[in-house]
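1. after the sequence you'll find the predicted model.
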Amino acid sequence: MKILTIVGARPQFIKSAVVSRAIQTLAPHVQEYLLHTGQHYDSNMSKVFFEEMAIREPDLNLGIGGASHGESTGRMIEGVEKVLLEQNPDWVIVYGDTNSTLAGALAAVKIGIPVAHIEAGLRSFNRRMPEEINRVLTDHAADLLFTPTATATTNLENEGILEARIRQSGDVMYDAVIFFGDKALKNSLILERLALKPQEYILATIHRAENTDQKDHMKAILSGFRASGVSIVWPVHPRTRQRLNDYEFTVPGNVLVIDPVGYMDMSMLVQNAKMVVTDSGGLQKEAYWYRVPCGTVRSETEWVELVDAGCSQLIGVDPSSIANYLNDTHDVSPDAWVGGIFGDGTAGESIVRTITSV
Ligand code: UDP
(Lines give C-alpha, C1' and ligand atoms only; values in the text may rest on other atoms or scores of the structure.)
Protein backbone atom coordinates (compact mmCIF):
# COMPACT_ATOMS: atom_id res chain seq x y z
CA MET A 1 0.00 0.00 0.00
CA LYS A 2 1.19 3.50 -0.79
CA ILE A 3 0.04 6.68 0.99
CA LEU A 4 0.87 10.10 -0.37
CA THR A 5 0.90 12.78 2.32
CA ILE A 6 0.58 16.43 1.36
CA VAL A 7 1.92 19.14 3.67
CA GLY A 8 2.83 22.76 3.11
CA ALA A 9 2.29 24.86 6.22
CA ARG A 10 3.62 24.86 9.79
CA PRO A 11 0.70 23.18 11.56
CA GLN A 12 0.64 20.47 8.89
CA PHE A 13 4.22 19.45 9.63
CA ILE A 14 3.25 18.99 13.29
CA LYS A 15 0.12 16.96 12.47
CA SER A 16 1.82 14.81 9.84
CA ALA A 17 4.70 14.00 12.23
CA VAL A 18 2.17 12.18 14.41
CA VAL A 19 0.58 10.19 11.60
CA SER A 20 3.88 9.34 9.89
CA ARG A 21 5.21 7.98 13.18
CA ALA A 22 2.05 5.85 13.54
CA ILE A 23 2.50 4.56 9.98
CA GLN A 24 6.07 3.55 10.74
CA THR A 25 5.15 1.72 13.95
CA LEU A 26 1.79 0.19 13.09
CA ALA A 27 2.08 -0.36 9.36
CA PRO A 28 5.76 -0.56 8.36
CA HIS A 29 4.74 -2.29 5.13
CA VAL A 30 3.02 0.93 3.99
CA GLN A 31 5.13 3.16 1.79
CA GLU A 32 4.63 6.86 2.53
CA TYR A 33 5.53 9.49 -0.05
CA LEU A 34 5.84 12.95 1.47
CA LEU A 35 4.99 15.89 -0.77
CA HIS A 36 5.72 19.44 0.47
CA THR A 37 3.98 22.14 -1.56
CA GLY A 38 6.41 24.82 -0.39
CA GLN A 39 3.62 27.02 1.04
CA HIS A 40 5.76 27.80 4.09
CA TYR A 41 9.38 28.02 3.06
CA ASP A 42 11.34 29.96 5.72
CA SER A 43 13.61 27.66 7.69
CA ASN A 44 11.92 28.59 11.00
CA MET A 45 8.47 27.90 9.51
CA SER A 46 9.38 24.58 7.89
CA LYS A 47 12.83 22.96 8.21
CA VAL A 48 13.00 23.25 11.99
CA PHE A 49 9.88 21.08 12.38
CA PHE A 50 11.31 18.34 10.18
CA GLU A 51 14.46 18.30 12.28
CA GLU A 52 12.89 18.50 15.72
CA MET A 53 9.99 16.15 15.13
CA ALA A 54 12.08 13.61 13.21
CA ILE A 55 10.02 13.93 10.05
CA ARG A 56 11.95 12.55 7.15
CA GLU A 57 12.91 14.81 4.25
CA PRO A 58 10.04 15.38 1.82
CA ASP A 59 10.32 13.25 -1.31
CA LEU A 60 9.57 16.37 -3.29
CA ASN A 61 9.09 20.07 -2.58
CA LEU A 62 7.03 21.87 -5.22
CA GLY A 63 8.36 25.23 -4.06
CA ILE A 64 5.03 27.01 -4.47
CA GLY A 65 4.85 29.73 -1.85
CA GLY A 66 4.21 33.41 -1.59
CA ALA A 67 1.75 33.92 -4.46
CA SER A 68 -1.95 34.98 -4.24
CA HIS A 69 -4.58 32.44 -3.14
CA GLY A 70 -5.75 31.75 -6.68
CA GLU A 71 -2.31 31.51 -8.22
CA SER A 72 -0.80 29.33 -5.52
CA THR A 73 -3.83 27.02 -5.25
CA GLY A 74 -3.92 26.63 -9.03
CA ARG A 75 -0.20 25.92 -9.30
CA MET A 76 -0.43 23.44 -6.44
CA ILE A 77 -3.29 21.53 -8.08
CA GLU A 78 -1.23 21.26 -11.25
CA GLY A 79 1.93 20.24 -9.39
CA VAL A 80 0.19 17.74 -7.11
CA GLU A 81 -1.67 16.14 -10.02
CA LYS A 82 1.59 15.43 -11.84
CA VAL A 83 3.06 13.74 -8.77
CA LEU A 84 -0.12 11.70 -8.19
CA LEU A 85 -0.07 10.43 -11.75
CA GLU A 86 3.57 9.40 -11.35
CA GLN A 87 3.22 7.87 -7.89
CA ASN A 88 -0.27 6.40 -8.18
CA PRO A 89 -0.90 6.10 -4.40
CA ASP A 90 -3.77 4.17 -2.82
CA TRP A 91 -4.63 7.10 -0.54
CA VAL A 92 -3.85 10.79 -0.27
CA ILE A 93 -3.77 12.39 3.19
CA VAL A 94 -4.37 16.11 3.60
CA TYR A 95 -4.40 18.12 6.83
CA GLY A 96 -6.28 21.11 8.14
CA ASP A 97 -7.43 24.05 6.11
CA THR A 98 -4.73 25.66 3.99
CA ASN A 99 -4.46 26.11 0.23
CA SER A 100 -2.23 23.00 0.20
CA THR A 101 -5.10 21.03 1.78
CA LEU A 102 -7.65 22.10 -0.80
CA ALA A 103 -5.29 21.76 -3.76
CA GLY A 104 -4.25 18.27 -2.67
CA ALA A 105 -7.82 17.09 -2.17
CA LEU A 106 -9.04 18.48 -5.49
CA ALA A 107 -6.13 17.11 -7.49
CA ALA A 108 -6.64 13.64 -6.01
CA VAL A 109 -10.42 13.24 -6.19
CA LYS A 110 -10.50 14.45 -9.80
CA ILE A 111 -8.30 11.56 -10.85
CA GLY A 112 -10.08 9.05 -8.64
CA ILE A 113 -7.58 8.69 -5.80
CA PRO A 114 -9.30 8.46 -2.38
CA VAL A 115 -8.62 11.31 0.04
CA ALA A 116 -8.42 11.24 3.83
CA HIS A 117 -8.89 14.63 5.49
CA ILE A 118 -7.40 14.95 8.94
CA GLU A 119 -8.91 17.65 11.18
CA ALA A 120 -12.19 17.53 9.27
CA GLY A 121 -15.44 19.19 10.30
CA LEU A 122 -14.09 22.37 11.81
CA ARG A 123 -16.30 25.37 11.19
CA SER A 124 -16.09 29.00 12.20
CA PHE A 125 -19.22 29.73 10.12
CA ASN A 126 -17.35 32.80 8.87
CA ARG A 127 -17.24 32.48 5.10
CA ARG A 128 -14.87 35.44 4.79
CA MET A 129 -12.05 33.29 6.20
CA PRO A 130 -10.04 31.63 3.42
CA GLU A 131 -9.53 28.68 5.80
CA GLU A 132 -13.30 28.16 6.12
CA ILE A 133 -13.71 27.84 2.36
CA ASN A 134 -10.77 25.42 2.22
CA ARG A 135 -12.29 23.27 4.99
CA VAL A 136 -15.79 23.08 3.60
CA LEU A 137 -14.63 22.21 0.08
CA THR A 138 -12.06 19.68 1.27
CA ASP A 139 -14.58 17.95 3.55
CA HIS A 140 -17.08 17.61 0.76
CA ALA A 141 -14.44 16.26 -1.63
CA ALA A 142 -12.82 13.78 0.79
CA ASP A 143 -13.69 10.09 1.14
CA LEU A 144 -12.68 9.66 4.77
CA LEU A 145 -13.09 12.50 7.24
CA PHE A 146 -11.23 12.27 10.54
CA THR A 147 -12.76 14.65 13.07
CA PRO A 148 -10.98 15.85 16.22
CA THR A 149 -14.12 16.52 18.30
CA ALA A 150 -17.81 15.66 18.62
CA THR A 151 -18.70 19.18 17.48
CA ALA A 152 -16.73 18.66 14.26
CA THR A 153 -18.58 15.39 13.67
CA THR A 154 -21.94 17.12 14.18
CA ASN A 155 -20.94 19.91 11.81
CA LEU A 156 -20.36 17.35 9.05
CA GLU A 157 -23.60 15.52 9.76
CA ASN A 158 -25.45 18.83 9.61
CA GLU A 159 -24.04 19.35 6.12
CA GLY A 160 -25.41 16.00 4.98
CA ILE A 161 -22.08 14.17 4.84
CA LEU A 162 -22.72 10.44 5.12
CA GLU A 163 -21.88 8.98 8.52
CA ALA A 164 -19.95 6.17 6.82
CA ARG A 165 -17.34 8.70 5.64
CA ILE A 166 -16.79 10.18 9.12
CA ARG A 167 -14.49 8.83 11.85
CA GLN A 168 -14.12 10.71 15.13
CA SER A 169 -10.44 9.99 15.68
CA GLY A 170 -9.55 12.67 18.22
CA ASP A 171 -6.97 15.36 17.62
CA VAL A 172 -3.50 14.51 16.33
CA MET A 173 -2.14 17.71 17.89
CA TYR A 174 -3.04 16.26 21.29
CA ASP A 175 -0.95 13.20 20.44
CA ALA A 176 1.92 15.57 19.62
CA VAL A 177 1.59 17.35 22.96
CA ILE A 178 1.70 14.02 24.82
CA PHE A 179 4.72 12.84 22.81
CA PHE A 180 6.76 16.06 22.78
CA GLY A 181 5.56 18.08 25.80
CA ASP A 182 7.98 16.65 28.39
CA LYS A 183 10.83 16.41 25.88
CA ALA A 184 10.43 20.14 25.29
CA LEU A 185 10.64 20.87 29.02
CA LYS A 186 13.89 18.90 29.19
CA ASN A 187 15.51 20.21 26.04
CA SER A 188 14.41 23.74 25.25
CA LEU A 189 16.60 26.59 26.47
CA ILE A 190 14.33 29.36 25.28
CA LEU A 191 13.48 30.72 28.73
CA GLU A 192 17.18 31.18 29.50
CA ARG A 193 17.86 32.59 26.06
CA LEU A 194 15.14 35.23 26.42
CA ALA A 195 15.69 35.74 30.18
CA LEU A 196 12.08 34.80 30.95
CA LYS A 197 10.74 33.47 34.24
CA PRO A 198 7.88 30.95 34.33
CA GLN A 199 4.46 32.56 34.93
CA GLU A 200 5.88 36.06 34.43
CA TYR A 201 5.06 36.54 30.77
CA ILE A 202 2.18 36.20 28.37
CA LEU A 203 2.65 34.39 25.07
CA ALA A 204 1.10 36.00 21.99
CA THR A 205 0.75 34.93 18.37
CA ILE A 206 -1.22 36.69 15.63
CA HIS A 207 -1.32 35.52 12.04
CA ARG A 208 -4.90 35.16 10.73
CA ALA A 209 -5.43 37.22 7.59
CA GLU A 210 -8.61 38.68 9.11
CA ASN A 211 -6.31 40.40 11.66
CA THR A 212 -3.05 40.94 9.80
CA ASP A 213 -4.64 42.21 6.60
CA GLN A 214 -6.85 44.78 8.33
CA LYS A 215 -4.86 47.76 9.51
CA ASP A 216 -7.46 48.68 12.15
CA HIS A 217 -7.28 45.16 13.62
CA MET A 218 -3.50 45.29 13.91
CA LYS A 219 -3.73 48.76 15.41
CA ALA A 220 -6.31 47.57 17.99
CA ILE A 221 -4.17 44.56 18.93
CA LEU A 222 -1.04 46.69 19.43
CA SER A 223 -3.07 49.23 21.45
CA GLY A 224 -4.45 46.43 23.64
CA PHE A 225 -0.96 45.04 24.21
CA ARG A 226 0.35 48.52 25.06
CA ALA A 227 -2.55 49.38 27.39
CA SER A 228 -2.16 46.12 29.31
CA GLY A 229 1.36 47.05 30.42
CA VAL A 230 2.15 43.34 30.97
CA SER A 231 5.19 41.50 29.71
CA ILE A 232 4.39 39.80 26.39
CA VAL A 233 6.52 37.49 24.23
CA TRP A 234 5.46 37.44 20.60
CA PRO A 235 6.96 35.06 18.02
CA VAL A 236 5.97 36.93 14.88
CA HIS A 237 4.74 35.05 11.80
CA PRO A 238 6.38 36.25 8.54
CA ARG A 239 3.08 37.61 7.17
CA THR A 240 2.46 39.56 10.37
CA ARG A 241 5.96 41.01 10.28
CA GLN A 242 5.43 42.06 6.68
CA ARG A 243 2.16 43.81 7.58
CA LEU A 244 3.67 45.57 10.61
CA ASN A 245 6.30 46.96 8.25
CA ASP A 246 3.73 47.89 5.59
CA TYR A 247 1.60 49.75 8.15
CA GLU A 248 4.74 51.32 9.70
CA PHE A 249 3.52 50.30 13.18
CA THR A 250 5.84 50.27 16.17
CA VAL A 251 5.51 47.44 18.64
CA PRO A 252 5.04 48.64 22.27
CA GLY A 253 7.97 48.42 24.69
CA ASN A 254 6.32 45.76 26.90
CA VAL A 255 6.28 43.33 23.97
CA LEU A 256 9.33 41.21 23.18
CA VAL A 257 9.18 40.44 19.46
CA ILE A 258 11.02 37.32 18.34
CA ASP A 259 11.22 35.32 15.11
CA PRO A 260 9.00 32.24 14.83
CA VAL A 261 10.37 29.43 16.98
CA GLY A 262 10.43 25.66 16.54
CA TYR A 263 7.93 23.28 18.14
CA MET A 264 10.08 22.52 21.19
CA ASP A 265 10.70 26.15 22.08
CA MET A 266 7.05 26.97 21.46
CA SER A 267 5.96 24.11 23.67
CA MET A 268 8.27 25.39 26.42
CA LEU A 269 6.91 28.92 26.01
CA VAL A 270 3.27 27.76 26.25
CA GLN A 271 3.85 25.50 29.23
CA ASN A 272 5.41 28.30 31.25
CA ALA A 273 3.20 31.19 30.17
CA LYS A 274 0.83 32.91 32.55
CA MET A 275 -1.63 33.08 29.71
CA VAL A 276 -1.83 32.89 25.95
CA VAL A 277 -3.32 35.46 23.62
CA THR A 278 -3.71 34.34 20.03
CA ASP A 279 -5.72 33.97 16.87
CA SER A 280 -4.10 30.60 16.10
CA GLY A 281 -6.24 27.49 16.05
CA GLY A 282 -3.51 25.14 17.22
CA LEU A 283 -2.33 27.39 20.02
CA GLN A 284 -5.83 27.67 21.56
CA LYS A 285 -5.79 23.92 22.02
CA GLU A 286 -2.19 23.69 23.23
CA ALA A 287 -2.96 26.31 25.88
CA TYR A 288 -5.85 24.10 27.02
CA TRP A 289 -3.78 20.90 27.09
CA TYR A 290 -1.13 22.65 29.16
CA ARG A 291 -3.83 24.26 31.35
CA VAL A 292 -3.00 27.83 30.44
CA PRO A 293 -5.89 30.32 30.05
CA CYS A 294 -6.27 31.57 26.47
CA GLY A 295 -7.74 34.79 25.12
CA THR A 296 -8.66 34.41 21.46
CA VAL A 297 -8.36 37.59 19.41
CA ARG A 298 -11.27 36.81 17.11
CA SER A 299 -15.03 37.02 17.24
CA GLU A 300 -15.58 33.32 16.67
CA THR A 301 -13.65 30.08 17.07
CA GLU A 302 -13.77 26.55 15.71
CA TRP A 303 -12.87 25.25 19.18
CA VAL A 304 -16.13 26.16 20.89
CA GLU A 305 -15.73 23.45 23.55
CA LEU A 306 -12.83 25.38 25.09
CA VAL A 307 -14.93 28.50 25.45
CA ASP A 308 -17.86 26.49 26.86
CA ALA A 309 -15.51 24.90 29.40
CA GLY A 310 -14.34 28.36 30.53
CA CYS A 311 -10.68 27.71 29.60
CA SER A 312 -10.65 30.05 26.58
CA GLN A 313 -12.40 33.31 26.02
CA LEU A 314 -13.27 35.10 22.81
CA ILE A 315 -11.98 38.60 23.44
CA GLY A 316 -12.54 40.07 19.98
CA VAL A 317 -10.30 42.69 18.45
CA ASP A 318 -10.85 45.57 20.82
CA PRO A 319 -8.03 47.31 22.73
CA SER A 320 -9.80 47.46 26.08
CA SER A 321 -11.07 43.88 26.03
CA ILE A 322 -7.56 42.69 25.10
CA ALA A 323 -5.99 44.76 27.90
CA ASN A 324 -8.66 43.65 30.41
CA TYR A 325 -8.12 40.01 29.54
CA LEU A 326 -4.36 40.34 29.95
CA ASN A 327 -4.77 41.93 33.37
CA ASP A 328 -7.32 39.43 34.67
CA THR A 329 -6.31 36.50 36.91
CA HIS A 330 -8.54 33.86 35.20
CA ASP A 331 -9.29 31.48 38.02
CA VAL A 332 -10.40 28.58 35.86
CA SER A 333 -11.91 25.71 37.85
CA PRO A 334 -9.55 22.67 37.90
CA ASP A 335 -12.40 20.51 36.57
CA ALA A 336 -12.65 22.63 33.42
CA TRP A 337 -9.39 21.25 32.03
CA VAL A 338 -10.37 17.59 32.06
CA GLY A 339 -12.93 16.65 29.47
CA GLY A 340 -11.62 14.22 26.89
CA ILE A 341 -12.80 16.68 24.24
CA PHE A 342 -9.98 15.76 21.88
CA GLY A 343 -9.83 12.01 22.39
CA ASP A 344 -7.25 10.07 24.36
CA GLY A 345 -4.02 10.96 22.56
CA THR A 346 -4.10 8.04 20.14
CA ALA A 347 -5.65 9.80 17.16
CA GLY A 348 -2.66 9.02 14.90
CA GLU A 349 -2.91 5.30 15.56
CA SER A 350 -6.65 5.22 15.03
CA ILE A 351 -6.29 7.08 11.72
CA VAL A 352 -3.62 4.71 10.44
CA ARG A 353 -5.63 1.64 11.51
CA THR A 354 -8.65 2.94 9.62
CA ILE A 355 -6.83 3.90 6.43
CA THR A 356 -4.95 0.63 6.26
CA SER A 357 -8.06 -1.46 6.84
CA VAL A 358 -10.59 0.04 4.42
N1 UDP B 1 4.06 27.33 16.58
C2 UDP B 1 5.43 27.14 16.61
N3 UDP B 1 6.23 28.25 16.58
C4 UDP B 1 5.74 29.52 16.54
C5 UDP B 1 4.34 29.69 16.50
C6 UDP B 1 3.52 28.57 16.51
O7 UDP B 1 5.91 26.01 16.70
O8 UDP B 1 6.53 30.46 16.48
C9 UDP B 1 3.20 26.14 16.60
C10 UDP B 1 2.14 26.14 17.67
O11 UDP B 1 2.68 25.72 18.91
C12 UDP B 1 1.13 25.17 17.11
C13 UDP B 1 1.22 25.46 15.63
O14 UDP B 1 2.47 26.09 15.40
O15 UDP B 1 1.55 23.83 17.33
C16 UDP B 1 0.09 26.35 15.22
O17 UDP B 1 0.27 26.77 13.95
P18 UDP B 1 -0.30 28.15 13.40
O19 UDP B 1 -0.64 29.04 14.53
O20 UDP B 1 0.67 28.63 12.37
O21 UDP B 1 -1.59 27.69 12.60
P22 UDP B 1 -3.09 27.38 13.01
O23 UDP B 1 -3.06 26.39 14.14
O24 UDP B 1 -3.75 28.66 13.37
O25 UDP B 1 -3.68 26.79 11.78
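-> Received it, and whenever you're ready, just let me know what you need. Everything numeric here is computed off the predicted structure, so don't read it as measured data. Numbering: from 1, shown residues only.
2. how many residues are close by the residue of the stretch 1-150 of the chain found nearest the ligand?
-> Using Cβ to the nearest ligand atom, the single residue of the stretch 1-150 of the chain nearest to the ligand is Pro11, 3.8 Å away. Every residue, glycine included, has its C-beta placed from N, CA and C. The number of residues packed near Pro11 is 20, by other Cβ atoms under 10 Å.
3. next structured bit after the strand or helix carrying it?
-> Assigned by DSSP states H and E, Pro11 falls within helix 10-26. Using DSSP H and E, the helix or strand that directly follows helix 10-26 along the chain is strand 31-36.
4. what sits against the nearest residue to Asp143 once chain neighbours are set aside?
-> Closest residue to Asp143 apart from its sequence neighbours, by Cβ to Cβ, 6 or more residues apart in numbering: Pro114 at 4.3 Å. For Pro114, the contact set (Cβ atoms under 8 Å, 6 or more residues apart in numbering) comprises 90-92, 108, 143-144.
5. on that earlier part again, tell me which strands and helices the helix holding Pro11 is in contact with?
-> The contact analysis (3 or more Cβ pairs under 8 Å, 6 or more residues apart in numbering; DSSP states H and E) places helix 10-26 against strand 2-7, strand 31-36, helix 47-52, strand 91-95, helix 172-187, helix 281-289, helix 347-357.
6. same question for it: list its buried residues.
-> 10-23 (16 or more other Cβ atoms under 10 Å).
7. check which helix or strand covers the residue of the chain most remote from its centre.
-> Within the chain, the residue lying farthest from the chain centre (Cα atoms, centre = their mean) is Glu86, at 29.5 Å. For Glu86, the element it lies in under DSSP H and E is helix 69-87.
8. what sits up against that helix?
-> 2, 4, 6, 8, 33, 35, 37, 39, 60, 62, 64-67, 92, 99-100, 102-104, 106-108, 110-111, 113, 130.
9. then stretch 98-105?
-> So stretch 98-105 is in contact with 6-9, 12, 35, 37, 39, 69, 72-74, 76-77, 80, 92, 94-95, 115, 117, 130-131, 133-135, 137-138, 141-142, going by Cβ under 8 Å, 6+ apart.
10. just stretch 279-294 next, same as before
-> Counting by Cβ under 8 Å, 6+ apart, 11, 14, 122, 171, 173-174, 177, 181, 205-208, 210-211, 266-267, 270-271, 273-278, 296-298, 301-303, 306, 309, 311-313, 330, 332, 337, 342 sit against stretch 279-294.
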